[in-house]
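Colleague: for reference, the sequence and a predicted model appear below.
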Amino acid sequence: MEVKVQKLPASRWEIVVTLPWEEWQGHKSHAVEHMAGNVNLAGFRQGKVPEAVLEQRFGKQAILIETAEHSVHHTYPEALLAAKAEAIGRPEIRFDAVKEGEALVYTVVTDVLPEVVLKEWRKDVAKINASTAEKKLEVTDDDLMKELAELAKMRAGFVPVERPAAKDDTVKVDFEVSVGGAVIEGGKNVDHALVLGSGAFIPGFEEQVIGMEKGAEKTFELTFPAEYHAKHLAGKPASFSVKLKSIEERQIPVLDDVFAKTLGKFETIEEVKASMRKGMLEEKERAAKEEHRAAILDTLIAAAEVEYPAVLVDEEVKRMLGQFRSQVESMGFEWEKYLAETKKTEAELEKEWEPQAKKRVAAELILQKLAADESIDVDTEAVEAEMNKVFQYYKNVKQVEDKLDMGKLYTSVRGQMVNDKVLAWLEGISK
């Protein structure tokens, strides 16, 4: 086997492989066996058709081509090893016309993992580490009281009041919406709960309800927004008839020991404050760590010389789209409706995310290079222990086997763990 390599732009290689006649004819028996298994000829069992009969039926050239295809299939991995090519994605393979007694020449065009060249970066990373170490993280009393106030709002109760409706009240209304004198589809509602000031209705509706008293009725005109999601109503004037049936005022609890006990595991408000302060500090530390690592990666990306294989960028964009779609659907939205309402196509989203995808690919390639250069790895036992944490979310072994590709999961978990170890090493660089 003779292998010649030509490097193309965008981290693609063209590999030309030449197999002497004797070598590629060594795959003839497998080729004939494959042909025999895929034809039905009278008088022969499937898979038992002799080579001479196949040659008579399909011609000698057909057997040569089948042999060439088998030769390519079986020698392609060896050719990649000889070329020292870390191929990724689906290769393009073609072979020249095959002739009896002559060498077989075939060409492989494939994306390969690019070589990453890092210019000087240690000093910049050391500066980032020093700057991060100087920052003092704390939770101020003001920060804590704001969070407590938000918690109290979330635990607020509602009590009936006998006064005109005001902002932040929860009211129940009967309403009817008409356009052109006819009630629109879904335009009639009874005992509809509404928080005044929430913006849940079209602009102007809640403002009309504010000031009404329990039992009062009111009719008013409003125009649907030009960008209203129901296109047949967008920009149209409508008549609203409303009856206010109840008014409830939100009562925010006092931040005291009584309130603390309603939270389940606390006896005093001071215990609540201590727990919240601890949680808030941990969140600040997590955010600071993410910011620190992002700054390190930005520095490394700026110092890197690397070509971006289109296949890796495309795969990352598809992964990002899949994750985003899952998030949208997990919130109860239909994907197609979401795209329609946001006036976006999948292709437009992919185009928008391409720069971010390139950045992610670059970061991954750089971390892989540093892991190799610094001999940073994780052992199998550690990876399996981390995988076991994933398994806890499934009911039984069968569900794990049905839902997960174990090989892909192992590769993914190991990759994440190695990356984390490399980033931890980078965080420790001081000069």
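Modeller: Thanks, I have it.
Colleague: next, please give the residue ranges for the helices of the stretch 201-350 of the chain.
Modeller: For the stretch 201-350 of the chain, applying DSSP state H, counting those that start in this stretch gives helices covering 205-209, 257-261, 269-303, 310-330, 335-342, 346-373.
Colleague: mean neighbour count for the ones you listed - can I get that in a markdown table?
Modeller: Glycine gets a C-beta too; all of them are placed from N, C-alpha and C. As requested, the helices of the stretch 201-350 of the chain are exported to a markdown table (neighbours: other CB atoms under 10 Å):
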| stretch | mean neighbour count |
| --- | --- |
| helix 205-209 | 18 |
| helix 257-261 | 15 |
| helix 269-303 | 15 |
| helix 310-330 | 15 |
| helix 335-342 | 12 |
| helix 346-373 | 16 |
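Colleague: mind checking which of those helices is nearest A152?
Modeller: Closest of the helices of the stretch 201-350 of the chain to A152 is helix 257-261, at 7.0 Å (criterion: CB to CB).
Colleague: show me what that closest one is packed up against.
Modeller: In terms of contacts (3 or more CB pairs under 8 Å, 6 or more residues apart in numbering; DSSP states H and E), helix 257-261 is packed against helix 269-303.
Colleague: switch the cut-off to 10 Å
Modeller: When contacts are defined as 3 or more CB pairs under 10 Å, 6 or more residues apart in numbering; DSSP states H and E, helix 257-261 packs onto helix 141-154, helix 269-303.
Colleague: would you format the ones you listed as CSV with mean pLDDT and distance to E350 included?
Modeller: Shown next, in CSV, are the helices and strands packed on helix 257-261 (pLDDT from 0 to 100; distance: least, CB to CB, whole Å):
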stretch, mean pLDDT, distance to E350
helix 141-154, 95, 37
helix 269-303, 96, 21
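Colleague: P253 is nearest to which of the ones you listed?
Modeller: helix 141-154 (5.5 Å).
Colleague: circling back to that earlier point, what would the helices and strands packed on helix 257-261 look like in CSV with distance to F201?
Modeller: Listed next are the helices and strands packed on helix 257-261 as CSV, based on distance: least, CB to CB, whole Å:
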stretch, distance to F201
helix 141-154, 22
helix 269-303, 35
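Colleague: any idea which of those helices gets closest to K243?
Modeller: Evaluated with CB to CB, the helices and strands packed on helix 257-261 place helix 141-154 nearest to K243, the distance being 28.9 Å.
Colleague: state the distance from the nearest residue to P203 once chain neighbours are set aside to K403.
Modeller: Once flanking residues are discounted, P203 sits nearest to P225: 6.7 Å by CB to CB, 6 or more residues apart in numbering. Taking CB to CB, to the nearest Å as the measure, P225 falls 43 Å from K403.
Colleague: got the domain ranges for this protein?
Modeller: 2-112, 157-251, 269-427 (automatic domain parsing).
Colleague: quick one: end-to-end distance for the second one.
Modeller: So the one you mean is domain 157-251. 5 Å (CA to CA, to the nearest Å).
Colleague: do the last one as well
Modeller: Using CA to CA, one end of domain 269-427 lies 38 Å from the other.
Colleague: and it, how far from the chain's centre?
Modeller: Relative to its chain's centre, domain 269-427 lies at 8 Å (CA atoms, centre = their mean, to the nearest Å).
Colleague: same thing with the second one?
Modeller: With CA atoms, centre = their mean as the basis, the distance from the averaged C-alpha position of domain 157-251 to the chain average is 39 Å.
Colleague: so for E334, which of the helices and strands packed on helix 257-261 sits nearest?
Modeller: Nearest to E334, of all these, is helix 141-154, at 29.1 Å by CB to CB.
Colleague: who's in contact with the following helix or strand past that closest one?
Modeller: Scanning forward in sequence from helix 141-154 by DSSP states H and E, the next helix or strand is strand 157-160. Residues outside strand 157-160 that contact it (CB atoms under 10 Å, 6 or more residues apart in numbering): 169-170, 195, 214, 246-253.
Colleague: narrow these to those that are buried.
Modeller: Neighbour counting with 16 or more other CB atoms under 10 Å marks 169-170, 195, 214, 246-249 as buried within the contacts of strand 157-160.
Colleague: state the pair within the residues you listed that is farthest apart.
Modeller: Pairwise distances across the buried ones among the contacts of strand 157-160 (CB to CB) peak at 16.5 Å, for the pair V195 and K214.
Colleague: phi and psi next, for the closest residue in space to A295 that isn't next to it in sequence.
Modeller: The spatially closest residue to A295, leaving aside those adjacent along the chain, is I128, at 5.0 Å (CB to CB, 6+ apart). The phi and psi values for I128, taken as degrees, to the nearest 10, are phi -60, psi -40.
Colleague: which residues touch I128?
Modeller: I128 is in contact with 292-293, 295-296, 298-299, 426-427, 429, counting by CB under 10 Å, 6+ apart.
Colleague: which one of those residues is nearest to A85?
Modeller: Nearest to A85 among the contacts of I128: L426, at 28.9 Å, using CB to CB.
Colleague: thought the closest one was touching A294?
Modeller: No. L426 lies out of contact with A294 (CB atoms under 10 Å); the separation is 11.9 Å.
Colleague: state the pLDDT value of the residue nearest the centre of the chain.
Modeller: The centre of the chain sits closest to Q323, judged by CA atoms, centre = their mean, with a distance of 2.9 Å. In this model, Q323 is scored at 93, pLDDT.
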